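*Asks:* next come a sequence and a model predicted from it.
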Amino acid sequence: METAHLYQSLTFLAYATGAIVILVGGMLFKVLFDLSKLTKNINETTEIVKDELTPTLKNINKSVEIVSGIIIKTDEGVNKVKDFLRKTPLNILGKLSVATGTVAKGFMSGLSTAFKFFAKKK
């Protein structure tokens, strides 16, 4: 009797193991199928992003080139104006205005001192 129970238990264990293996295999198949669909969707998404992003990046690159050219031309123009102003008499007048400002400051200081001096004498 004990051997019959043992055989019956082993048979049940074999069937249960077979059912679990089939169940795990089915779940594994489902996971791999979903993973395959996911990779296809990711691949399609990257293709769409690449197709949409390429013209945008070209436009941005073109815009940067245009702005860079404008900046370079403006810088050249500013340098030309600076060079022109250095060569013109306006530069001398600029230095003259600094000198006149110093002289005017000294004159006003002297005039103020003179008024103070004459105001104390009275």
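*Replies:* Yep, it's here. Numbering: from 1, shown residues only.
*Asks:* does Val64 belong to a helix, a strand or coil?
*Replies:* Of the three states, Val64 takes helix under DSSP: H, G, I helix; E, B strand; the rest coil.
*Asks:* what's the neighbour count on it?
*Replies:* Applying other Cβ atoms under 10 Å, we find 10 residues neighbouring Val64. The C-beta positions use only the backbone N, C-alpha and C, and glycine is treated the same way.
*Asks:* same check, this time on Tyr15
*Replies:* Tyr15: 10 neighbours (other Cβ under 10 Å).
*Asks:* secondary structure element for Glu52?
*Replies:* helix 2-87 (DSSP states H and E).
*Asks:* any stretches of this structure with poor pLDDT?
*Replies:* Counting by pLDDT under 70, the chain has low-confidence residues at 1, 85, 88-101, 103, 120-122.
*Asks:* swap the cut-off to 80 and go again
*Replies:* Scanning the chain for pLDDT under 80 picks out the ranges 1, 82, 84-108, 110-122.
*Asks:* list the contacts for the residue nearest the centre of it?
*Replies:* Among the residues of the chain, the one closest to the centroid is Ile60, at 13.3 Å (Cα atoms, centre = their mean). For Ile60, no residue meets the contact criterion (Cβ atoms under 8 Å, 6 or more residues apart in numbering).
*Asks:* any idea how far it is from Leu53?
*Replies:* Applying Cβ to Cβ, to the nearest Å, the value for Ile60 to Leu53 is 10 Å.
*Asks:* likewise for Asn59?
*Replies:* From Asn59 across to Leu53, the span is 11 Å (Cβ to Cβ).
*Asks:* quick one: which helix or strand includes Thr102?
*Replies:* Taking DSSP H and E as the criterion, the element that holds Thr102 is helix 89-121.
*Asks:* burial count for Leu53?
*Replies:* As a measure of burial, Leu53 has 11 neighbours, counting by other Cβ under 10 Å.
*Asks:* cool, Ala104 as well?
*Replies:* Ala104 has 11 nearby residues by other Cβ under 10 Å.
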